[in-house]
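Asker: fold the following for me, if possible:
(one chain, ligands or ions: 1)
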Amino acid sequence: MHSDYTEKVVEIRGLKKSFDENHVLKGVDLDLFKSENLVVLGKSGSGKSVLIKLMVGLLRQDEGTIKILGKDTEKLKLKELNKLRLKIGFAFQASALYDSMTVRENLEFPLTRNIKGLTRKEINLKVEGLLDSVGLPNTINQMPAELSGGQKKRIGIARTLILEPEIMLYDEPTAGLDPTTCIDINNLINQVREEYNTSSIVITHDLTCAKVTGDRMAVLIEGQFEAVGTFDEVFTTASDPKIKSFYDYNFIK
Ligand SMILES: Nc1ncnc2c1ncn2[C@@H]1O[C@H](COP(=O)(O)OP(=O)(O)OP(=O)(O)O)[C@@H](O)[C@H]1O
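Answerer: Next comes the predicted model:
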């Protein structure tokens, strides 16, 4: 256990979001504590991405509050919201690398766009340091098309880390990867937490990823978190039929 569960970095209360008659989030409460990895599980269409989009201000809630690093996101002016967004690293499902840029240029891009006045030496140090961290120093001059799916994921994570976010959001980090590469990415998620002291939300359908990376699980069912706790608390000892069917569904799929 890496968190003492005292300091909250995210606090969500009574969050509701509907699209016309589609009531996606029906009063969601969730805490993310400093230095923990929280795994969010839920079937396709259960609202995991909507939750993340609300957190980073890409969507607006109908009701409820989202506090991030002590700030109520709804009350922030755009400039303050943008400043807060820089503290949240979003590792997209598809890595979202720019195909026409080398690995070095991909990593430099968020840095030079957001931080003015860095010297070439400072930029190089940061880029090279992060590539070392994710175990891919030799890819620096390669194009994304020359990388494997797992390597792209690692570079995507490195690029997200370059602005030193306090909170990491991983959107299905192991989707589409072979089992061995999944293990590598799970280990990287844990390593990132140790090295960069991040607090993370990991969205996944992969129960191995959930077990290996998550201090706590939160299962989104019918618009609310039905169960929140350690993997064993939520799954091994669960008697709730909704949780059981979710667990079975994941293995049948
Ligand atoms: N911008 C939007 N406009 C209308 N409906 C939307 C919008 N975004 C999401 N939805 C709806 O909200 C519901 C939840 O979608 P969401 O993408 O959050 O699911 P998810 O849990 O992330 O699914 P998956 O695991 O497949 O990625 C879906 O019914 C979807 O159609």
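Asker: tell me, how many residues neighbour the residue of the stretch 151-253 of the chain found nearest the ligand?
Answerer: Nearest residue of the stretch 151-253 of the chain to the ligand: H205, at 6.4 Å (C-beta to the nearest ligand atom). Quick note: C-beta positions are derived from backbone N, CA and C, even for glycine. The number of residues packed around H205, counting by other C-beta atoms under 10 Å, is 17.
Asker: helix or strand for it, which one?
Answerer: In the assignment (DSSP states H and E), H205 maps to no helix and no strand.
Asker: just the CA trace of the strand or helix carrying L188, in CSV.
Answerer: Assessed by DSSP H and E, L188 sits inside helix 179-196. C-alpha atoms of helix 179-196 as CSV (Å, rounded to 0.1, in the frame of the first residue of the first chain):
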residue,chain,number,x,y,z
PRO,A,179,0.2,-10.6,-22.6
THR,A,180,4.0,-10.1,-22.2
THR,A,181,3.8,-6.5,-23.2
CYS,A,182,0.8,-6.0,-20.9
ILE,A,183,3.0,-7.1,-18.0
ASP,A,184,5.7,-4.6,-19.1
ILE,A,185,3.2,-1.7,-19.2
ASN,A,186,1.7,-2.7,-15.8
ASN,A,187,5.2,-2.6,-14.4
LEU,A,188,5.8,0.8,-16.0
ILE,A,189,2.7,2.2,-14.4
ASN,A,190,3.9,1.1,-11.0
GLN,A,191,7.4,2.4,-11.7
VAL,A,192,6.1,5.8,-12.8
ARG,A,193,4.3,6.1,-9.5
GLU,A,194,7.5,5.3,-7.6
GLU,A,195,9.8,7.6,-9.7
TYR,A,196,7.5,10.5,-10.2
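Asker: for it, which helices and strands make contact with it?
Answerer: strand 37-41, helix 120-133, helix 149-161, strand 199-203, helix 207-213 (3 or more C-beta pairs under 8 Å, 6 or more residues apart in numbering; DSSP states H and E).
Asker: from what I see, the residue of the stretch 151-253 of the chain closest to the ligand and E172 are in contact.
Answerer: Yes - judged on C-beta atoms under 8 Å, H205 makes contact with E172 at a distance of 6.7 Å.
Asker: residues contacting E21?
Answerer: By C-beta atoms under 8 Å, 6 or more residues apart in numbering, the contact list for E21 is empty.
Asker: which ones are touching the spatially closest residue to T208 that is not a sequence neighbour?
Answerer: Ranked by C-beta to C-beta, 6 or more residues apart in numbering and with sequence neighbours excluded, the top spatial neighbour of T208 is C182, at 6.8 Å. Residues near C182 by C-beta under 8 Å, 6+ apart: T174, D206, T208, C209.
Asker: and for S200?
Answerer: Per C-beta under 8 Å, 6+ apart, neighbours of S200: L32, E36, N37, L38, I167, M168, L169, Y170, I189, V192, R193, T213.
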